[in-house]
Structures are given as C-alpha cells and as structure tokens.
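A predicted structure for the sequence below; I have some questions about it.
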Amino acid sequence: MSDFFEKKLLGNSGEFATIIRAARLTAMTDATVLILGETGTGKELLAKAIHQHSRRAQGQFITINCAALPESLAESELFGHRKGAFTGAIADQQGRIQAAHGGSLFLDEIGELPLTIQAKLLRFLENGECQKIGQTCVEKIDTRILVATNRDLHAQMQKGEFRQDLYYRLNIVPLELPPLRKRIDDLELLLQTFTKKLAQRHQLSTPHYTKATIKLLRRHTWGGNIRELHNFCERMLIFFSGKTIEPDHLPLEFHADKTIKLHHTNKFNLPETGIDLKELEIEMIRQALRKTYGNRSQAARLLGLTRDTLLYRIKKYAILD
C-alpha cells in the first residue's frame, strides 16, 4: 500500500510532523477524529489519509459538507428515508451513513450541522444505530465518523449552538492542523512539489524562483493556507513557464504584505501621558475576537498567545465576545 501521508501531506516542520504522527497512530483504531484548522489547511486530505491507513481502506470514503446541506434535507441525506416518509419521498433512499458501511464518513464543517440532527448523530456514535426517516426499526451500521471544522466548537457549545454531549463525544482525538504561516519552513518543499505536479498536468516547463522571491513568499501571511499556495503556484506556472520569477513578478498582495510588516514595526508609540496597559490588553483581545467572529483559537493566534492563555485572560477580565 502506498503511503498516502507521505504522498499527499507534505512537510517536516515540528508542529505539522507531530500532528501527522498522531494521525498515523489514530488511523489504526476506529476512534472518532475531530480535525481542526483554518480553511485551506488540508483537513479533508488528513481525513482521507486516516481512512487509507485504516483497516477500512478497502471500504468507501464518503464526504459531506454540512454547510451545504439544507436543514430540511440533512436528516434524509445522513440517515436515509423510506418511500412516502414525507412529501417528495417517491422511493426508498439510502443515507450516507449506510453507504459508508465498512468504510468512513467524513463530515466537513460539522459546526454547521443543525441541532435537530446532532442528537441523532450522537446516538449513532454511541451505539451504531441508524434509523431511516419513516422506518420504525433501527439498523446497526459499521461506519467510522471523521469530522472537521474551522470554527471554535467549544465557543459554539457555550452559546448553545452545538450540543455539549456531541462535542465531548467528537473530541476524543482532536487533531489541529497548523496554518501555513506556522510551518513556513515547509514552503519551499510545497512550492516545488506543487509546481512540478502542475507542470506535468499542464505540460508546461517549471519556472525558477530566485532567493529574493522565496524570501518575499516566506513573509506572506498566506491567509488561504495550502490552498492559496497551490493556486499561486498554478498562476505563476501559467504566466512564467520556463522563466525565472523575480520579486517584481509577484502579485501586488505580496508586496503589500511587506509594506504592512514594515509599517507595523513602528506602529505602536508610547504616548507622553502613558497608557493603561490593562485596558489596552482588554481592547486587543476584544478586537481579535471580533476579527475572528468569536473563534478563540484563531484569536489566540492573532495575539501570539496559546488558546489556554487567551481563555485565562478572557476569564480574568470577564470579557464577553
């Protein structure tokens, strides 16, 4: 069996390598996995790697984007329905959970799953029982559940937007993929690999990046993470096939990043009258929470803190986001 981790999840940086080691160990079990991380970090790829290295590798790997499921159809899509169970149910339909029997079901954006469906998913996770809409009896289904989100489920739980019991049931093995800016030493490896594969696909000659260009790329914030880097590689390949890419060839946003970073080095000046450091800290925390729509993990990253440190300070200052 080819190593899906090595082929698809590239990188050697410390935090990323730690997550991959944990994922390899988890793959050998049937434990539910909660994959966390910003958009574009490769959560679905990690889920697929776990499936490919499990005893279920020969079974189906089925994915559902919970954010794209209309609430009226979510239960039917997951659990299936019997003919005549509701208006429009003109035939029996198998749910995704049944379809993945013997394999794995990946639920992306699990934070978007309606509360009414969360209770039924919890029941399945607890005892493997699956009941179609309009069916009185339950079926025992052997499907492993892998879930992912870029949202702060703990914060959603506290607001009553996510079931507490389901949160703790999903949080057995949490794996948080670091954003690209936290594993910037992997950038050159990813850049070269993506460029080579894309060049083969498009039948174009690979471009060459100068050291000065690489230096500028390392300074970029990469808000779209691995997905943004992949798209960037494709754009550069198409426009500069077989050429040398200098800093001036990069899109404007890469130069804007540099300007912003230089500006930030002199942004904060202590006024002659002094400041209230406590009030400044509280305001910075509030701004970070607003910018991340209450996502405390992302807010902690913006502030250069660990999540636990941020939670401690939110509690200490009684900050309501």
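Cool, got the structure.

Tell me how far stretch 18-27 lies from the chain's centre.
Stretch 18-27 sits 16 Å away from the centroid of its parent chain (C-alpha atoms, centre = their mean, to the nearest Å).

sorry, that was for stretch 46-64
17 Å.

List of residues touching that stretch?
1, 3-5, 8-9, 19, 23-24, 26-30, 33, 35, 44, 77-78, 96, 99-108, 144, 146, 148, 175, 177 (C-beta atoms under 8 Å, 6 or more residues apart in numbering). To be clear about C-beta, it is placed using only N, CA and C from the backbone, and glycine gets the same treatment.

My read is that Leu217 contacts Tyr209, right?
Yes. Counting by C-beta atoms under 8 Å, Tyr209 is a contact partner of Leu217 at 7.5 Å.

In strands, which of the contacts of stretch 46-64 fall?
Among the contacts of stretch 46-64, the ones falling in strands (DSSP state E) are Val33, Ile35, Ser104, Leu105, Phe106, Leu107, Asp108, Arg144, Leu146, Ala148, Leu175.

now that we have the residues you listed, which one has the most neighbours?
Per-residue neighbour counts (other C-beta atoms under 10 Å) across these peak at Leu146, which has 29 neighbours.

Any stretches of the stretch 51-200 of the chain with poor pLDDT?
Applying pLDDT under 70 to the stretch 51-200 of the chain picks out residues 84-85.

model confidence over stretch 214-232, on average?
For stretch 214-232, the mean pLDDT works out to 94.

Check the ones in strands among the contacts of stretch 46-64 and tell me the two furthest apart.
Leu105 and Leu175 (16.9 Å; C-beta to C-beta).

Tell me the one among the ones in strands among the contacts of stretch 46-64 nearest to Leu115.
Of all these, Leu115 sits closest to Leu107, with 14.8 Å by C-beta to C-beta.

quick revisit: more neighbours, Leu217 and Tyr209?
Comparing Leu217 with Tyr209 by other C-beta under 10 Å, the one with more neighbours is Tyr209, at 24 against 21.

Quick check: buried residues in the helix or strand hosting Glu228?
Here Glu228 sits within helix 225-239, counting by DSSP states H and E. Buried residues in helix 225-239, defined by neighbour count with 16 or more other C-beta atoms under 10 Å: Asn225, Ile226, Glu228, Leu229, His230, Phe232, Cys233, Glu234, Met236, Leu237.

Let me know the next secondary structure element after it.
strand 244-245.

And the strands in the stretch 51-200 of the chain, which stretches?
For the stretch 51-200 of the chain, the strands defined by DSSP state E, counting those that start in this stretch cover 61-65, 80-81, 93-94, 104-108, 129-130, 139-140, 144-149, 173-176.
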